[in-house]
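# coords please:
(chains A, B, C and D)
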Number of protein chains: 2
Amino acid sequence: MSKVSPTERQKKIARYAKAMGHPTRMYVLELLSKQSCCYSGDLTEELPIVKSTLSQHLKELKNAGLIQGEIEAPKIKYCINKENWKEAQSLFKEFLKL
Amino acid sequence: MSKVSPTERQKKIARYAKAMGHPTRMYVLELLSKQSCCYSGDLTEELPIVKSTLSQHLKELKNAGLIQGEIEAPKIKYCINKENWKEAQSLFKEFLKL
DNA sequence: ATATTTGTTCGTTGATTAACGAACAAATAT
DNA sequence: ATATTTGTTCGTTAATCAACGAACAAATAT
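Just a heads-up that it's a prediction; the model follows:
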C-alpha cells in the first residue's frame, strides 16, 4: 500500500524530455549542439513557423535550462546551456544505460 | 527564405522524448528497463495515482512504442519494447553525442 | 450462478500546449 | 526625429494532457 512517488532524478529527466518533446525544439537543440550558437532570426528564416511561435519554443527551452540567450543588440544569440546540457547528458546516459 | 522542416529523425526523437516527458512515465520506464517486466497492478499499488490514470500513461508509452503489454489473464504483463528501446537508445546517443 | 480481480474505456473538469497575428519594446540606422 | 530591425508579449482559438470516478469487459474463483 505504501505509495512511492517518482524520484527527483526521474522528474528532472522528465523535465528535460518534455522540453525535447517537439520537433521544432529538437531542431533547435540539435543545431545548437552542433554549432556553438545561432541567432533566432536565422531560425525564423529556416523554419516554417512564425517568429512569435519560435519565440515561445525558445522560451520553453530556456525555462527547461537547455539553452541560454545573450543579447547582442538588436539580436539575441542563443547557445546551449553547457552546464545543464552536461547534466542532461549524464542523466539520459544513465537512464538509457548507454 | 527557403523553409526547412525538422527531419524525420528529429521528429522520432521528439516523439520518444514526449513519451518520457512525465514523471510517472519515467518511473515506469526506468523500472522496466531495470527489471524485465511488471504487472500494472504492482504499479497501481506503488504509485500515488488511480488505476485509470496509470492505464492512460501506459497507453501513451505503448503508443510511443516504448513498452508492450502481454496478456497473462487476468493480469497484463508489461515489458520494454526492446526493438524500439534500442532505436531510442541509439537516437538519443547520437543526439546527445554520448 | 455469482462475486472478485484486473484493466480499459468513457465522461468530465481544469490546465497546458501550439499556433497565429497584432501590438509593443528596444536598439540601430537614416 | 523617424523608420527599420529584431524579438517578446498578449489575446485568441483549437487541440491535447492529466487526473478522477463510474461504468464496463473478461477471466478466475467461490
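# only C-alpha atoms for contact and neighbour calcs from this point on.
Fine.
# how much space between A:S55 and DNA strand C?
Look at A:S55 and DNA strand C: by C-alpha to the nearest atom of the strand, to the nearest Å, they are 9 Å apart.
# for that residue, give its distance to chain B.
Per C-alpha to the nearest C-alpha, to the nearest Å, A:S55 is found 17 Å from chain B.
# equivalent analysis for A:C37, please.
16 Å.
# check the offset of the longest helix anywhere in chain A from the chain's centre.
When chain A is parsed with DSSP state H, its longest helix is helix A:82-96. Centroid displacement of helix A:82-96 relative to its chain, using C-alpha atoms, centre = their mean, to the nearest Å, is 12 Å.
# does chain B have contacts with it?
Yes: Helix A:82-96 lies within reach of chain B by C-alpha under 8 Å from any C-alpha of the partner chain, at A:89, A:92-93, A:95-96.
# quick check, nearest of these to B:V28?
A:F95 (11.9 Å; C-alpha to C-alpha).
# tell me, how many residues neighbour the closest one?
18 (other C-alpha atoms under 10 Å in any protein chain shown).
# which SSE is the closest residue to DNA strand C within chain A in?
Closest approach between chain A and DNA strand C, counting by C-alpha to the nearest atom of the strand: A:I49, at 3.8 Å. For A:I49, there is no helix or strand it lies in under DSSP states H and E.
# show me what contacts it?
If a contact means C-alpha atoms under 8 Å, 6 or more residues apart in numbering or on different chains, then A:I49 has no contacts.
# can you pull the phi/psi pair for it?
Per-residue torsions, A:I49: phi -130, psi 160 (degrees, to the nearest 10).
# give me the below-cutoff pLDDT ranges for chain A.
Counting by pLDDT under 70, the low-confidence segments of chain A come to A:1, A:98.
# residues from it in reach of DNA strand D?
A:39-42, A:51-56, A:58-59, A:74-77 (C-alpha under 7 Å from any atom of the strand).
# the helices in chain A, which residues?
Using DSSP H, the helices of chain A run over residues A:8-20, A:23-34, A:40-46, A:51-63, A:82-96.
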